[in-house]
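Participant: Okay, predicted coordinates and the sequence, questions at the end:
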Amino acid sequence: MVSRSFGLRHAVFAVVAIVAVMLVLWPPAAFTRSQAATFAAVLLTLGLWGTALVPGYFASLLFFAVTLIAGLASPAAVFSGFSSAAVWLIISGFVIGSAIGLTGLGDRLAAVIGPPLTRSYPRLIGGLMAAAMALGFLMPSSVGRAVVMVPIGMALADRCGFGRGSRGRIGVAAVLAIGCNMPSFAVLPSNIPNMVLAGAAETIYGARFGYTEYLLLHFPVLGVLKSAITVGLVLKLFPATVAPAAAAEGPKAALAKVDRGAQLRVAVILVLTLLLWMSDKLHGINSAWIGIGTAVLLLAPRIGVVGPQAFKGAVDFGLLLFVAGALALGAVVDGSGLGRLIGGFLEAALPLAPGRDFVNFLSLTVMSFASGMVTTVPSVPAVLTPMAGDLAHLSGFSLNAVLMTEVVGFSTVLFPYQVGPLVVAMQLSGERLDHLLRITVPLTLITLLALAPIDFLWWKLLGWI
């Protein structure tokens, strides 16, 4: 089975590589030579990420090297990911996660919330999804939510007797990775793509979305129903049985050895961080900068608990290169004009026409979904929003309805590399990223074939279409 999967991945990448070579040798008429070469580099990078034939950081470094040596993009664009707030939030997330683990705070929190959740595996998976969803209303950062929830979830997995690599532990990691990210697409200020969409819509068209109308439009289907289906998929694909007695002694022994003073300091720092994250609209400080401040406190001599050796072990620089590459890819695609070309091609290819509401809704959703596979999810609203006026004219939808279909599309994630917080959450859990594919692939199919039509009916009922 493993060799068959490995062979399939090689075959898929071979097809991608052939297409990339053809793009360079015979550029399409609509592309300049530079754009064709850039698109080839993008396809090769996406192919390597998607098939996982090489480590993600290697694919990112290869993308950096090719685009710089070939002069396809400026160094500012290629290295733009390193200046992104998301990368610095990830670094602070690693430090916070390390502090929670080193002091045993995750075990202590797990001991508090464990009894009602660890009575059964379905209760554990469903409860963690509900907690992650609820945190989405309080904390604006998907990475921040993962930093808080994943250590607690892994401590609960230990208490249930789920060892590293076991189906139960992978299930806990998967439900938290998805729960800390995907439901928040339905809550306006809770992740980056939503805010990019809101900002671009207001800048270009003067359009504004109310918190409540956005929530009412998206949360019932993309939040509640999609999360319930995710829980069902995790229980089906990663079945397990809770055995609390198997791990009862480990957490108790660990809690007996911890430094209570260090644990208290971390708890106070974490509570202050949460309060600042939750009140970002009042003080206006970026979540990443708050995270850096927290990391400084946790690393500081005497005050902090993460020493030099622990810091080296906590921060995964390979993951940072991977995420920086994903962010840079979107910037390079946008700067080269490829995003607009691809969007224009999709606009021409899709069967948009006034009066065909269902077809129009699905077409616009697929357009956003497909764009996210090429440009990564945070770049989708930047690419498609400038086209929304034309799309509204072609479809007969209102401008706001067209803008909102972007959410249905970019919240549908096929490959984990498309969304940085998914990668970070799995890294924090210590489980392999490719396990998430077993959830994201069927979830994408269910979303496009079932949830999108349900969403269409819901929009009809609300009078948006």
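Facilitator: Arrived safely, thanks for sending. Here the structure is a predicted model, which is why all the values come from computation and not from measurement.
Participant: Find the helix or strand that the closest residue to residue 283 other than its chain neighbours is a member of.
Facilitator: Of all residues not flanking residue 283 in the chain, residue 276 sits nearest, at 7.1 Å (Cβ to Cβ, 6 or more residues apart in numbering). For the C-beta atoms, the positions are set from N, CA and C on the backbone; glycine is no exception. Following DSSP states H and E, one finds residue 276 within helix 260-278.
Participant: Could you list every helix and strand in contact with that helix?
Facilitator: Secondary-structure packing of helix 260-278 (3 or more Cβ pairs under 8 Å, 6 or more residues apart in numbering; DSSP states H and E): helix 85-102, helix 105-117, helix 142-159, helix 287-299.
Participant: Show me the contact partners of it.
Facilitator: The contact list for helix 260-278 (Cβ atoms under 8 Å, 6 or more residues apart in numbering) reads 96, 99-100, 102-105, 108, 138-141, 144, 148, 283, 285, 287, 290-291, 294, 297-298, 303-305.
Participant: Go again with 6 Å.
Facilitator: 99, 103, 105, 138-139, 144, 287, 290, 294, 297, 305 (Cβ atoms under 6 Å, 6 or more residues apart in numbering).
Participant: What residues sit buried inside it?
Facilitator: 262-263, 265-267, 269-270, 273-274, 276-277 (16 or more other Cβ atoms under 10 Å).
Participant: Same check on stretch 85-103?
Facilitator: Counting neighbours by 16+ other Cβ under 10 Å, one finds that the buried residues in stretch 85-103 are 86-103.
Participant: Just want to check the distance between residue 453 and residue 220.
Facilitator: 14 Å (Cβ to Cβ, to the nearest Å).
Participant: Compare these two (neighbour count), which wins?
Facilitator: The neighbour count for residue 453 versus residue 220, taken as other Cβ atoms under 10 Å, is higher for residue 220 (16 against 13).
Participant: In terms of helices and strands, where is the nearest residue to the more buried one once chain neighbours are set aside?
Facilitator: Residue nearest to residue 220 in three dimensions, not counting chain neighbours: residue 458, with 6.4 Å by Cβ to Cβ, 6+ apart. Using DSSP H and E, residue 458 maps to helix 452-462.
Participant: about what we covered before: residue 449: which of the helices and strands packed on helix 260-278 is closest?
Facilitator: helix 142-159 (25.8 Å; Cβ to Cβ).
Participant: which residues does residue 112 contact?
Facilitator: Contacts of residue 112 (Cβ under 6 Å, 6+ apart): none.
Participant: Export the helices and strands packed on helix 260-278 as JSON lines, with columns for mean pLDDT and distance to residue 333.
Facilitator: Formatted as JSON lines, the helices and strands packed on helix 260-278 follow (pLDDT from 0 to 100; distance: least, Cβ to Cβ, whole Å):
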{"stretch": "helix 85-102", "mean pLDDT": "78", "distance to residue 333": "17"}
{"stretch": "helix 105-117", "mean pLDDT": "76", "distance to residue 333": "38"}
{"stretch": "helix 142-159", "mean pLDDT": "86", "distance to residue 333": "22"}
{"stretch": "helix 287-299", "mean pLDDT": "86", "distance to residue 333": "23"}
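Participant: possible to save the ones you listed as JSON lines with distance to residue 419?
Facilitator: Shown next, in JSON lines, are those (distance: least, Cβ to Cβ, whole Å):
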{"stretch": "helix 85-102", "distance to residue 419": "11"}
{"stretch": "helix 105-117", "distance to residue 419": "24"}
{"stretch": "helix 142-159", "distance to residue 419": "8"}
{"stretch": "helix 287-299", "distance to residue 419": "16"}
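Participant: one step back: quick check, nearest of the contacts of helix 260-278 to residue 162?
Facilitator: Distances from residue 162 to the contacts of helix 260-278, taken by Cβ to Cβ, are shortest for residue 105, at 19.8 Å.
Participant: okay, now the closest residue to residue 24 other than its chain neighbours: neighbour count?
Facilitator: Excluding its sequence neighbours, the residue lying closest to residue 24 (Cβ to Cβ, 6+ apart) is residue 40, at 5.0 Å. Using other Cβ under 10 Å, the number of residues around residue 40 comes to 23.
Participant: Is residue 40 in contact with residue 20, as I believe?
Facilitator: Yes. With contact defined as Cβ atoms under 6 Å, residue 40 reaches residue 20; the gap is 3.9 Å.
Participant: Overlap of the contact sets of these two?
Facilitator: With Cβ under 6 Å, 6+ apart as the test, residue 40 and residue 20 reach no residue in common.
Participant: for the strand or helix carrying residue 227, packing partners?
Facilitator: Counting by DSSP H and E, the element that carries residue 227 is helix 226-237. When contacts are defined as 3 or more Cβ pairs under 6 Å, 6 or more residues apart in numbering; DSSP states H and E, helix 226-237 packs onto helix 121-135, helix 167-179, helix 437-446.
Participant: Identify the residues contacting that helix?
Facilitator: By Cβ under 6 Å, 6+ apart, helix 226-237 touches 122, 125-126, 129, 133, 171, 174-175, 178, 183, 438-439, 442, 446.
Participant: ok, now which ones touch residue 214?
Facilitator: Taking Cβ under 6 Å, 6+ apart, one finds residue 188 in contact with residue 214.
Participant: In whichever helix or strand it is part of, which residues are buried?
Facilitator: Using DSSP H and E, residue 214 sits within helix 211-218. Residues 214-215, 217-218 are the ones in helix 211-218 that count as buried (16+ other Cβ under 10 Å).
Participant: Determine the angle, from 0 to 180 degrees, between that helix and helix 452-462.
Facilitator: 130 degrees (axes from the mean of the first three to the mean of the last three Cα atoms, to 10 degrees).
Participant: now the angle from helix 211-218 to helix 226-237?
Facilitator: Computed with the same axes, to 10 degrees, the direction of helix 211-218 lies at 40 degrees from that of helix 226-237.
Participant: Now helix 211-218: average pLDDT?
Facilitator: Here helix 211-218 scores 88 as its mean pLDDT.
Participant: what's the longest helix in this protein?
Facilitator: Using DSSP state H, we find that the single longest helix of the chain is helix 2-25.
Participant: which residues does residue 110 contact?
Facilitator: 152, 155-156, 159.
Participant: Repeat that for residue 184.
Facilitator: 136, 142, 190-191.
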